[in-house]
Structures are given as structure tokens and as C-alpha cells.
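A.B. asks: 3D model of this:
(chains A, B and C)
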Amino acid sequence: MSNDQEGLETLFDADIDREPVPRSQRLKRQFDLYVAAPCRVAMTDWRALVGTVIVAVFFLMGTLGVWLVDKPSSGDAPVLEPPFQNFDYILGTDTFGQPIGAQLIHATPDMFKMVIAGAVVSVGFAALVGVVSGFLRGTTVDTTLMSITDIIITIPGLPLVIVLVAIFQPESPYVIGVLLGLDNWPGLARTVRSQVLSIREESYVEASQIMGLSTGTILRRDVLAQLMPYITVNSALASRRIIFESVGLYFLGILPFTTFNWGVMMNIAYEGNALNRPDMYHFLTFPLLTIFLMSFGLVLFSQGMDSVFNVRLRARHASTIDDDGGHE
Amino acid sequence: MSNTETIFEVRDLNVTFQMNRGQSRVVRDADIDVARNETLGIIGESGSGKSMLASSFLNAVVEPGVTTGEVTFYPEDGNPVSVLDLSDSELNRFRWEAVAMVFQGAMSSFNPVTKIRTHFRETLQDHNRDIPAGMDRARDLLESVYLDPERILDSYAHELSGGMKQRALIALSLVLEPDVLVLDEPTAALDLLMQRSIVTLLRELQAEYDLTLVFITHDLPLLTKLADRIAVMYAFNIVEIGTTDDLLYNASHPYTRALLDTTPDLNVPVDEMDIIEGSKPDPVDQIPGCSYHPRCPLADDHCRSEEPAMMTVRNTQESACFYYNQAADAVPISAAPSHSPTTDTATDGGDR
Amino acid sequence: MSGNYFVKRVGQAVLTFFATVTLTFVLYQMMPGGPAEALRNVILQQQMGSGNTIDPARIEQLVAQYTNLESDAPIYVQYYQYMSSVFLEQDLGESLYENTAVTTLLADRIPWSMLISVYAMVIGYTGSIVLGAVMAFKEKSRFDSVSSVVVIGLNSTPYYVAGILFIFFFSIRNEFFPTGGRVGLGVEAGFNVAFMQSIAHHAALPILSMSVLGLGAALTMRGNSVRVLGEDYLRVAELRGLRNSRIATQYVGRNAVLPMYTQFMIGIAGVLSSSVIVEQIFSYPGVGMLVYEAIQVRNYPVLMGSLIVFTLVTVVAILIADLTYGFIDPRISAGGDNE
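C.D. replies: So this is what the prediction gives:
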């Protein structure tokens, strides 16, 4: 990583043609650029702050929470206990006497597995296809990749996933995640490709080409660095989508009920006619609220990151200008 | 000056913006008169406040800027108009009917999704003009800017070249027969050849349509070919004003002289005008005394404590410098200006 | 618009559709044990009731009848037969249960789903455009920030959650709308007011909950408007003394809305795909319900047929969007490479 940043830095130096800067100063500037400035902005941008906090809380639920709270099983507690009455099951219990809070917590790890598998596969694949296609613009490889992308972009995601799920009945959260991520990558691949094309036009990539750096080096140093904002923002949005769809499919009962899932809870509650039974409201409400919160957190996070990265780009610009001024 | 008729009178004009670190004054107590049918050039570095001054002629300083002072327009017949006091609907009428403006972003001055014809038509319509007659005038105007009227009217902006768009915009600016045309860096994005032909064109249009032109630029060589009088702006105020010849051969403000000195060949345009040594003036923390004193070789305690008012150098020329009669000696101009208004040597710029 | 572009674009659409049909063929082949094996159990169950004895040959025959697959033929023959029945005979196979052609089943249901999808998108986008424009005009005001939070909140609400909430508040707590169905009992079908009203009444909640899907466009609209408000041509329009109403519609409106056109068309197809979940919640008998029911009983021909039809709708929507965009936005000269 530090190697990458050094590379970027030397590139900037070469670009504006001045003598090398001492390493300590260079590191300090790197720190300002990549850590301090984004953090400062993140602190002032409420969306980034709230989004990060929400995602972090869910992360704690999925790690620490699972370890602290026992896995619920039927008959743990009285059936349909209302919420906020008993400290042991603060969100109440369901029709089988399972504490709702514990179920929500124990559903989180699988959710994360799904999201990670889906986001990693779809975003990674999209980045790969987009970058390769963008760099080989106009070649047969580019044309072929983009034709395939165009075809897959058109196949509606949810119906395809439903057919796949119906045929293969996947149980592993990783597999479900990958299936749900399938319809995500083509759009992103196109975005990445056009980003690569515009980055290629930018002067400092040209400069590195003139300096005789290999395509691979340019790709790693400049292009991926510039694409990180996109990839981060899109990962957050892809995650939200995977959560939406997986919970939806569990809720419909299309995915097999093999684990705790917010959608499974909603399904049981909804099928149990919770809408007409006030004593069951909490059984439906808390999973709904959880999905909403998680999704809200991810959307805020992605939007916050978007502005943070934009500010970072600005800060980079500003610091280059300041440097120029400082050399008078 | 005194024997010509004034069309615009600007007094104590201030343009301010509220910023986090305080009030930013981008035009300070500016006074200027524009004579009917003259071409007044306003020159200054980027960020000297010249565009703001130009915008205030139409009370069109962008939000959230605040314009105060007096801007009075004297129509050929009728009562003087206090531009800054107009109501919204009066202002809508005043704009383009009395004063039109062609500004910096001319390349993107047209609505990209409607044809040029629509731009003419909607302008006529919203000013309650007779449309067939107005469109006839539009065709005449397009012809006088050397464009094929039918072809241009049926085009979208993206189908035209930069020079064509610029000329179409000038034609559009004249469709309501305004008295004054304010041009804010109208040639900035054009190549040299096109810049020169626009200048020639403006001279023709001025004669044909009895126009008063206010031409804002940072391009001194260009201005010397067009302007009758030139006002020099520095640090948000006018520091010297005079006829073009006054300024070229007898500049009396150290800043004007420094400017001329850095522009040795008046036939070569300058790209950016921040070439003078020293830090740029700050619109928020404005220094006491003469705004130019940190860069001025003549500066003394007087300059550092008191701000000079405009001093009359001669009948046609004023300078905001206590030592205007010493400026020539203190700031020599190394190369004598090789100004030649009659020969347009645009050949060297053909490939730009 | 050049004929060349038209041909190229239509060709692309046909190719995409062809690829999808091929995909369904591949999916049949990828079923555990192949299509015959996978369908055998379903067919056995289904035939059991009728008391017929079933021999393997009969099963092959039924598989072929339902899926257009001759599962004992070589793979390329199967592929040819499958493709030719889809493309040449418009035959998507037969439902395992109703003895009805899949195409008939889908044709019955598609209009109802299209109805709610199109209206959901139109309503969602209209709301978005108005809201986004007002937010942009009042950029950085309290209204803007509050609306932003509300839109992000709505955007974070899955449409099925919205559906559940709507049912709860508008059908169960207050009986404003029916909890299911697409038309009232005993209402005479046909072109009459009562019928139309009943349709609207039943479709209202599904439409409303799916329109949540279109609401994210408010932020897009806001962004576009803010960008247009900063454009030079807007300043020139103000300098030209044009009427505010003209500036708002012809300048800001048109330029901000146009880029959303393609997104809108693709959105209709996307909403249609999401109907599976919404229609189940509202027991609204459209394609979504059909798919849902097919999953429950592993009615593969219906599933595959729906996938093909969903793709067809998407392909056509995008094709229309691309072919008409040139007329709507003169900047895009059709025939240009849309990089």
C-alpha cells in the first residue's frame, strides 16, 4: 500500500517538475490527503457519521452480539411476550417463545456473509471487467466484454435470481449472496469502464505513459486509486440491494428457511396474520425496523463517502496548488 | 468627456458577499461614466472585480452578492432609470431591452435542447414584441454577423462552432435593439483569428446600430484595437481611466505602467494577467491606504495610510495615485508600445 | 436518426433476447439430473391422482410437451428444437398443472402487472421530479435538508415493507382499500365506470408501494437541477429578461428531466420484475403472483417462460428508450457511440 502511495507521490512530483520532498514531509502530506482530510470531512458530514455508526453497530451485533447473546431456540421464554416488559427478552418473544432481539442478532452474521460474498464478487468482477475493457478500448476484448455486459444488464435480476434459487435451492449464505450479486455487476462494469476512459485522458496518466511506466503499473497506481471512491460507494449500494432482495425472498418463502433471517421472521409473522393481531405487532415491527435501519445506514454511508471522496479529490487539488505557492 | 452625453453613471458602487471569514468586497466605491456611443474598455487581472462591475450595469450580480450604490441609465428620451431600484418585472424589461450582456460563458449560453430560433422567438415573446417583425430583424442581425440566418435558426447550439455561437449570441443580444451592449470577456474561448474578427464585427455593429459598448477583458492588446477609453481595475476599484492613447503613451498609475511593461508586444494577446510580482489583493482583509502600495515602488507612508482619490491628470484622464506625475519615471516601460491600430497582425495566431 | 443505428440497435436487442432464451435452455440442462430427472418427480406427483400408470417413455413425452425439450436427443438437436419452438412457434411450453400454454397464462397476467408497474413509475417519477426541483430551487434551505433525509429514508424502505405498512394502515386499520385482488366481486367486466373504479381501487396500494422504488429519482432530479441552475445558459436566460415560468420549465425543467428518461424506461422494467414480491403481499393476480405460485409447485415451464417474458419487456423498454432518446434530446445524435 505504502508503495502505491509513494508511486503516486513521485508522479505528482514529476508532474509539476520540482525537486523531491523529504520523506517525512511526504508521509505527512499523504496522511493529510488520505486520512486526516477524509476524517475531518466525515466528522462534519453528518451522513457519513451516522451511516458509519449504524453500520458499525450492525457489525458489533454480528460479532460481539452473537458471542454475548445465546442462540435462541423454541420455548426459551413464554410465547408472544410483549416488548419492553422483561429485561431478558427486551424486544419480546415470537410465537415459538424465541426472544426477538436474539433472533435479530443471530441473523446478522449470515447477512454479513451474504453481503460480503455478493458485494465482493459483483464489485470485484465489475471492476475487473470495467478496467480491462477500458484499457483495451476498441479491441476485440473490449467489444466482446461490453456485448456480454450489455446482454446481462438487460436480463432482469430478480426473476433470474428467483429461477436460480428455485432450481438450486441454495442454503449457504455465501452462495445466496453471490446469486443476488449477479445482476449487480454489469451496470457497475460500464461505469468503471467510462471512468477508466476519462481517467486515461487525464494528463498525469499520460505523463506516466511518457515516463515509460508499464500499463500494469499505471493501472495499479492511478486507475485503481481513482476508482476506489466509486468502488466503495457502489459496494455500499450493492450491499443494500442484496439485503433488500434476500430479505424479500426469505419473506416470500422462496429461499429455504435454514437459518435465522429477518425475512424469515417477517414471513412467519405475516403468515401468522400479525397485521390483524395487536399482540403480534412487535414480531413484525422489529424485523421491519432492522432492515430499514441497516439500509438507511448503508445509503447514508455511501452518500457520505461520496462527498468525503469528492472532498479528498478537492483537497488533493488544493494541496498541489498550495505547494506551488509555497515554493516562491 | 464633458461635451459628450452620458448614458450610464455609476456612483459609489459596492458589491459584497458574505463569507465565513467575513465580508468580501469585490467592488469598492467605484465611480464611472459611460458616454453614449463610445466603446469603453475595462481591464483588470482575473479577480479584480471587473466582471462584477459589468454585471452591476444590469443589476445582475449573482446571488448571494449584494450591490449597493447608484447605477443610473439615461435613455435617449425619457427619464433616467435607477437600475438598482427596479422591481423584478421592471428589471426583466430593462434587461436586454435597454442593456444586453454577452458574457464569459458564451460557449454555453444557449439552451442545449432548443433551437437557436426558439431563443430569438422566446426573447421577443417575453418582451411583448411583434414576433414576425422581430424575426425579420433577427435574420438581418444574423446576416450582419456573417451567418446564414436560416441555417443558424434551425440549428442547435451544439451544432455550431465556438465562433458561430459567439456571433449568434451577439445577434441575439441585439434583437431587442438595446442601447448598450456589455461584453464580458466575449472572446476568451476563441482562437486568435476569431477574436480579431469579432472585434472588427463589433466595430461594424456599433456603427450600424448606434451602440454603446462596454468591453471587459484581461487582454490589453485586444482592447487597444477596440476601445475609445480604457478603465483599469486593480483590487476591486478603478485606478486609472483615460482615452486609449492616454493610457498607452502617458499612463499615470504605477499599476497601469507595470501592466504595459509586462505586455511588451501589443499585438500578442496575453493568456492570463497575473504576472505582476507580489501577492494578490484579498477582498476580505483589505489593507489600509492605497491598495497597490505593497507592490508599488513609489509607495511611502502617505500611500500606506491614506487611500488616494481619483486625481485629474488631464482633461480626459484620471489616476488614483498621489504621485501620478512621478509614475513615468518610477516605472519605466522597457519596450515602447508598438501599438499599431491599423494593421491587424493575426497571422501568427492562426494555428492556435 | 440513421437507419444504420436503428438496425444495429434492433440487432443488439434481438441478440440479447436470443441469449436469454439460450440461458433458459442452459438452466434446464443444469437442473440436478437434467430436465427429465428434475421434472419426473413433479410429473409423477401430478399424474398420481389421475390413476394412470406412467412408463419412462411417457415421461419423456410429457417433458417434451411441457418444456419443448426432447431430453433423449443429442444436446444440439435439443437446443435447435427448443430455440425454434420459442422463436418460430412462439411456444414457451405448457404449464405442468393447468394444461395451458405458458404464453396464454402470461398473456392473461401481463397487462395487470404492466398497469401497476407503469403507474407506479409514473407516480414515483412525477413526485420525484417535483420534489427534486423544489429542493434544488431551495438548495441548502431547511426544506432541502429535511426532504433529503425523508427521501433517503423512503429510499431505505424496501417496497415490500412499504406494502406491508400500506396494507396495515389503509386496509386493515382503515378500510380505505381492499387487501387483495384486482377487481371487486360481482363487478361486471367491460368498459364501464364501476369496473374501472374497481380496478383503480384495487391497484392503488400496490402502485403506491412500488412507487417508492421510483422515489430515489428525487435526489437525481435535485442533482440535475442544481447543475442546470449553475449553467451559463440559465444566467443568460435571466439576463435576457425571460419570464420565470419559462425559465423554470423550458430551461431548468427540460434540461434536468431529459437525462432521466432512459433511467425511467429501464425503471418500468425493473418495477415489473419486482412485482413478484409486491403482488404476493397484495394477493394481486399479475405475473408476479403467477411466478410465486409456480415456485411453490416447481412449475418450471412457467418460471422459464416468465423469465423470458420479463427479459422481453426489459429489452423492448430499453430499445424504445434508446431509439426515441434522439428525438427527445437533440444533443444526442443517434448513431453516436454511447460511451
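A.B. asks: got the residues of the stretch 201-328 of chain A near chain C?
C.D. replies: Listed as neighbours of chain C in the stretch 201-328 of chain A under the rule Cβ under 8 Å from any Cβ of the partner chain: A:240, A:244, A:247-249, A:251-252, A:254, A:266, A:270, A:275-276, A:284, A:288, A:291-292, A:295-296, A:298-300, A:303. For glycine as for every other residue, the C-beta is placed from the backbone atoms N, C-alpha and C.
A.B. asks: now these: which count as buried?
C.D. replies: Taking 16 or more other Cβ atoms under 10 Å in any protein chain shown as the criterion, what is buried in these is A:240, A:244, A:247-249, A:251-252, A:254, A:266, A:270, A:275, A:284, A:288, A:291, A:295-296, A:298-300, A:303.
A.B. asks: which residue ranges of the stretch 51-200 of chain B form strands?
C.D. replies: Remark: strands assigned in the stretch 51-200 of chain B by DSSP state E, counting those that start in this stretch are B:66-73, B:81-82, B:99-102, B:180-184.
A.B. asks: out of those strands, which comes closest to chain C?
C.D. replies: With Cβ to the nearest Cβ, the closest approach to chain C among those belongs to strand B:99-102: 5.1 Å.
A.B. asks: in which helix or strand would I find C:Leu219?
C.D. replies: helix C:217-229 (DSSP states H and E).
A.B. asks: what's the distance between the helix or strand following that helix and the middle of its chain?
C.D. replies: Following helix C:217-229 in sequence order, the next helix or strand is helix C:232-239 (DSSP H and E). Distance, stretch centre to chain centre, for helix C:232-239: 40 Å (Cα atoms, centre = their mean, to the nearest Å).
A.B. asks: check whether the following helix or strand past helix C:232-239 comes near chain B.
C.D. replies: Sequence-wise, the next helix or strand downstream of helix C:232-239 (DSSP H and E) is helix C:244-246. Yes. Counting by Cβ under 8 Å from any Cβ, chain B is contacted by helix C:244-246 at C:Arg246.
A.B. asks: who touches helix C:244-246?
C.D. replies: B:Glu122, B:Asp126, C:Ala237 (Cβ atoms under 8 Å, 6 or more residues apart in numbering or on different chains).
A.B. asks: what about the stretch 201-328 of chain A, any weak spots by pLDDT?
C.D. replies: Within the stretch 201-328 of chain A, the ranges that satisfy pLDDT under 70 run A:201-225, A:309-328.
A.B. asks: same thing but at 50, please
C.D. replies: Within the stretch 201-328 of chain A, the ranges that satisfy pLDDT under 50 run A:314-328.
A.B. asks: which residues of it fall in helices?
C.D. replies: Ranges of helices in the stretch 201-328 of chain A, per DSSP state H, counting those that start in this stretch, are A:203-210, A:215-218, A:224-252, A:262-271, A:281-326.
A.B. asks: which ones are touching C:Ala217?
C.D. replies: Neighbours of C:Ala217 in contact, by Cβ under 8 Å, 6+ apart: C:Gly124, C:Tyr125, C:Ser128, C:Ile129, C:Gly132, C:Met260, C:Gln263, C:Phe264, C:Gly267.
A.B. asks: from these, which would you call buried?
C.D. replies: C:Gly124, C:Tyr125, C:Ser128, C:Ile129, C:Gly132, C:Met260, C:Phe264, C:Gly267.
A.B. asks: surely C:Asp144 is in contact with C:Met135?
C.D. replies: Yes. Applying Cβ atoms under 8 Å as the test, C:Asp144 and C:Met135 come out as touching, 4.8 Å apart.
A.B. asks: which neighbours do those two share?
C.D. replies: With Cβ under 8 Å, 6+ apart, C:Asp144 and C:Met135 have common neighbours C:Arg222.
A.B. asks: so between these two, which is more surrounded?
C.D. replies: Just comparing C:Asp144 and C:Met135: by other Cβ atoms under 10 Å in any protein chain shown the higher neighbour count belongs to C:Met135, 25 against 16.
A.B. asks: just give me the neighbour total for C:Gly153.
C.D. replies: Neighbours of C:Gly153 using other Cβ under 10 Å come to 15.
A.B. asks: from the contacts of C:Ala217, which is closest to B:Glu45?
C.D. replies: Among the contacts of C:Ala217, C:Gly132 lies closest to B:Glu45 (Cβ to Cβ), at 39.1 Å.
A.B. asks: quick revisit: which of the contacts of C:Ala217 fall within helices?
C.D. replies: Judged by DSSP state H, those include C:Gly124, C:Tyr125, C:Ser128, C:Ile129, C:Gly132, C:Gln263, C:Phe264, C:Gly267 as members of helices.
A.B. asks: and those as JSON lines, adding distance to C:Ala321 and pLDDT?
C.D. replies: What follows is the ones in helices among the contacts of C:Ala217, written out as JSON lines (distance: Cβ to Cβ, whole Å; pLDDT from 0 to 100):
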{"residue": "C:Gly124", "distance to C:Ala321": "17", "pLDDT": "90"}
{"residue": "C:Tyr125", "distance to C:Ala321": "13", "pLDDT": "91"}
{"residue": "C:Ser128", "distance to C:Ala321": "17", "pLDDT": "91"}
{"residue": "C:Ile129", "distance to C:Ala321": "17", "pLDDT": "91"}
{"residue": "C:Gly132", "distance to C:Ala321": "20", "pLDDT": "90"}
{"residue": "C:Gln263", "distance to C:Ala321": "9", "pLDDT": "80"}
{"residue": "C:Phe264", "distance to C:Ala321": "8", "pLDDT": "85"}
{"residue": "C:Gly267", "distance to C:Ala321": "10", "pLDDT": "82"}
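A.B. asks: and of these, the nearest to B:Ala188?
C.D. replies: C:Gly132 (33.2 Å).
A.B. asks: excluding its backbone neighbours, what's nearest the closest one?
C.D. replies: Nearest residue to C:Gly132, sequence neighbours excluded (Cβ to Cβ, 6 or more residues apart in numbering or on different chains): C:Met221, at 2.7 Å.
A.B. asks: C:Val302 contacts C:Gln296, correct?
C.D. replies: No. Using Cβ under 8 Å, C:Val302 is not in contact with C:Gln296, being 10.9 Å away.
A.B. asks: more neighbours: those two, which one.
C.D. replies: C:Val302 (28 against 12).
A.B. asks: give me every residue that touches the more buried one.
C.D. replies: Listed by Cβ under 8 Å, 6+ apart, the contact set of C:Val302 reads C:Ser95, C:Leu96, C:Val102, C:Leu105, C:Leu290, C:Val291, C:Ala294.
A.B. asks: so what angle separates the directions of whichever strand or helix holds the fourth one and helix C:217-229?
C.D. replies: If I follow you right, that is C:Leu105. Using DSSP H and E, C:Leu105 maps to helix C:102-137. Angle of helix C:102-137 versus helix C:217-229, following axes from the mean of the first three to the mean of the last three Cα atoms, to 10 degrees, is 50 degrees.
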